[in-house]
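A.B. asks: one predicted model, sequence on top.
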Amino acid sequence: PLLIWPSVLRPYDRTAPILVDDTDMPISLSDVPGFAKFAETAAHFALSRVRAVQSGAEAYRADKLMAREDAHCVARAFRFGFAEDAAWAEETLEEIWRGTAFAPDPKAKTLPSQTLTYEIAHAAIAEPRPLAVRLMAEIASSVRHASVKKRLTRFAKQAATALANRPERVLDQLARGPLP
């Protein structure tokens, strides 16, 4: 489970969960009332933003899909979803991740949200899932921004190593069906 130590939290630390109380006792996010629903809502918020920009309902502006703080929050939700094996995490991951990594205009090399693209990658490294590792490699190979391609390729290798160190994740996926 994801454990947190509230006294050591920093505002935008991707590895530190949300401040829950002022004790120094570790707290599991799965034990925080309502956090699972909040995480799912955050993912659906991101999905609605991605769909609005990708469909043209909202104007595309590079790296303005959502505020940086919202991107961190959505990435935290995915990290929680990966850790808890939440169905919504796998159901929404591909559309959100591709929607943050590719501009609606195929000629644009910019990203709708570079922050969220990277933060979901960090979540996939911390809590690897076969689908997330595969998607990261696919996105890394086809993203149009050179430095993002280089960085995501490096992250994909780290995620594959992290998944190899967690064979129970692969076995769980195989028990449910073929690997993505």
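C.D. replies: Now that the structure is in, tell me what you want to look at.
A.B. asks: how about the strands in the protein?
C.D. replies: 3-4, 27-28 (DSSP state E).
A.B. asks: tell me, which of those is the model least confident about?
C.D. replies: Across those, strand 3-4 has the smallest mean pLDDT, namely a mean of 41.
A.B. asks: quick check: mean pLDDT across stretch 156-166?
C.D. replies: 91.
A.B. asks: buried sites along that stretch?
C.D. replies: By neighbour count on 16 or more other C-beta atoms under 10 Å, the buried set for stretch 156-166 is 156, 158, 159, 160, 162, 163. Where you see a C-beta, it was placed from the backbone N, CA and C, and this is true even at glycine.
A.B. asks: any chance of those residues in TSV, plus distance to residue 113?
C.D. replies: Listed next are the buried residues of stretch 156-166 as TSV, based on distance: C-beta to C-beta, whole Å:
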residue	distance to residue 113
156	18
158	21
159	19
160	24
162	23
163	24
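A.B. asks: those in helices, which ones?
C.D. replies: 156, 158, 159, 160, 162, 163 (DSSP state H).
A.B. asks: how much space is there between the fourth one and residue 56?
C.D. replies: Between residue 160 and residue 56 the computed distance is 35 Å (C-beta to C-beta, to the nearest Å).
A.B. asks: how about the helices in the chain?
C.D. replies: For the chain, the helices defined by DSSP H occupy 35-55, 68-84, 87-101, 114-126, 130-142, 146-164, 167-176.
A.B. asks: could I get the ones you listed in a markdown table, plus columns for distance to residue 108?
C.D. replies: As requested, the helices of the chain are exported to a markdown table (distance: least, C-beta to C-beta, whole Å):
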| stretch | distance to residue 108 |
| --- | --- |
| helix 35-55 | 12 |
| helix 68-84 | 19 |
| helix 87-101 | 12 |
| helix 114-126 | 13 |
| helix 130-142 | 14 |
| helix 146-164 | 12 |
| helix 167-176 | 34 |
